[in-house]
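J.: okay, sequence plus prediction incoming.
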Number of protein chains: 2
Amino acid sequence: MTTTYSISDLSREFAITTRAIRFYEDKGLLSPERRGQARIYSSGDRTRLKLILRGKRLGLSLEESREIIDMYNPGGSNTGQLNTLIGKIRERKSLLQQQLRDIEGMMGDLDAAEARCLQALQSSENTVNTL
Amino acid sequence: MTTTYSISDLSREFAITTRAIRFYEDKGLLSPERRGQARIYSSGDRTRLKLILRGKRLGLSLEESREIIDMYNPGGSNTGQLNTLIGKIRERKSLLQQQLRDIEGMMGDLDAAEARCLQALQSSENTVNTL
DNA sequence: GAGAAAGTTTACGTTTACGTAAAGGTAAAG
DNA sequence: CTTTACCTTTACGTAAACGTAAACTTTCTC
């Protein structure tokens, strides 16, 4: 027997609304089984949902996430398609590397800002002491 | 003399529309000098714009970017405000660390996908050769 | 001084990613 | 048999981040 999930199972686990999950399905990012009307999610669906949310944390649109997730299992396997897919993958990787640099930059800025704050606190502490 | 920029200077340099730049001003992220009606941007304004765009690449909303940029120069310097500011800075840093993990994850997935593509190309090449 | 180039404001339009009701089906518990 | 909980579809509403068009001023350039 394979584990399955209801829509509210997933909404609870990932702290999102069922509305959002149905919306992702509407946009073609998920396609769960049905038992009558009700949606039944497999662990594969759950993984796809995790990937969608990871994409969101990285600022991707749903469409971009869909494209990327589709890259993970090459559908059309002729040479031309594989080559364009490799191209897309490398584009994505270079965008991720840009994001890495951006994170480093912002992290540095925040570290500096934090240091200035701590410095300011230190100074005001001394000020109080000298009164 | 200090270097200044026109709105189209900046729009060209960063490949964005003047509409976007005015929009950022409208939202309180920029506040350039005026010579009559025309906007005159300082190098500080230019830096702020760079920070805004970096924020966008990381998926931040304009409001979030505004908050973060404001963190860089502590305005109110009383102890309470400094402490809440330090709190916000640390929250941001932990979000950035999550993004780092996400990038590592996605980068790994893309590497694997690329490898499978290359593998598939290799196989098809052999197939051709054996004909 | 006439036209082109770049600037301005005002305002309505558009896409994305859902939120939020409305109106109900289904199934187990009491 | 009704309440309760969870599920469904349909559909209009909304915030963010601009795009786009209109109508006008300012400033070079010839």
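T.: Structure received.

J.: what about residue A:118, how many neighbours?
T.: 12 (other C-beta atoms under 10 Å in any protein chain shown). The way it works is simple: take the backbone N, C-alpha and C, and place the C-beta from them, glycine included.

J.: that one and residue A:79, how far apart?
T.: Counting by C-beta to C-beta, to the nearest Å, the gap from residue A:118 to residue A:79 is 58 Å.

J.: what's the answer for residue A:90, then?
T.: 17 Å.

J.: for the host helix or strand of residue A:21, which helices and strands make contact with it?
T.: Using DSSP states H and E, the element containing residue A:21 is helix A:18-26. Packing partners of helix A:18-26 (3 or more C-beta pairs under 8 Å, 6 or more residues apart in numbering or on different chains; DSSP states H and E): helix A:7-14, helix A:43-57.

J.: mind doing that once more with 6 Å?
T.: Helices and strands touching helix A:18-26, by 3 or more C-beta pairs under 6 Å, 6 or more residues apart in numbering or on different chains; DSSP states H and E, are helix A:7-14.

J.: near DNA strand D at all, the helix it packs on?
T.: Yes - counting by C-beta under 7 Å from any atom of the strand, DNA strand D has neighbours in helix A:7-14: A:7-9.

J.: which one of the residues you listed has the most neighbours?
T.: Most neighbours among those, by other C-beta under 10 Å: residue A:7, with 18 neighbours.

J.: one step back: pipe the residues of helix A:7-14 next to DNA strand D into JSON lines and attach distance to residue A:66 and pLDDT per row.
T.: Formatted as JSON lines, the residues of helix A:7-14 next to DNA strand D follow (distance: C-beta to C-beta, whole Å; pLDDT from 0 to 100):
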{"residue": "A:7", "distance to residue A:66": "19", "pLDDT": "96"}
{"residue": "A:8", "distance to residue A:66": "24", "pLDDT": "96"}
{"residue": "A:9", "distance to residue A:66": "23", "pLDDT": "96"}
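
J.: specify which member of these is nearest to residue A:24.
T.: Taking C-beta to C-beta as the measure, residue A:24 sits nearest to residue A:7 out of those, at 10.9 Å.

J.: okay, that closest one and chain B: tell me how far apart.
T.: With the distance defined as C-beta to the nearest C-beta, to the nearest Å, residue A:7 ends up 24 Å from chain B.

J.: now do the strands in chain A.
T.: Assigned by DSSP state E, chain A shows strands spanning A:33-35, A:38-40.

J.: out of the ones you listed, nearest to DNA strand D?
T.: Smallest distance to DNA strand D across the strands of chain A (C-beta to the nearest atom of the strand): 3.2 Å, for strand A:38-40.

J.: what about residue A:55, how many residues close to it?
T.: Residues near residue A:55, counting by other C-beta under 10 Å, number 22.

J.: Provide a list of residues in contact with the residue lying closest to residue A:22 once chain neighbours are set aside.
T.: Take residue A:22 and drop its neighbours on the chain: the residue closest to it by C-beta to C-beta, 6 or more residues apart in numbering or on different chains is residue A:7, 7.4 Å away. Contacts for residue A:7 (C-beta atoms under 6 Å, 6 or more residues apart in numbering or on different chains) come out as A:18, A:21, A:39.
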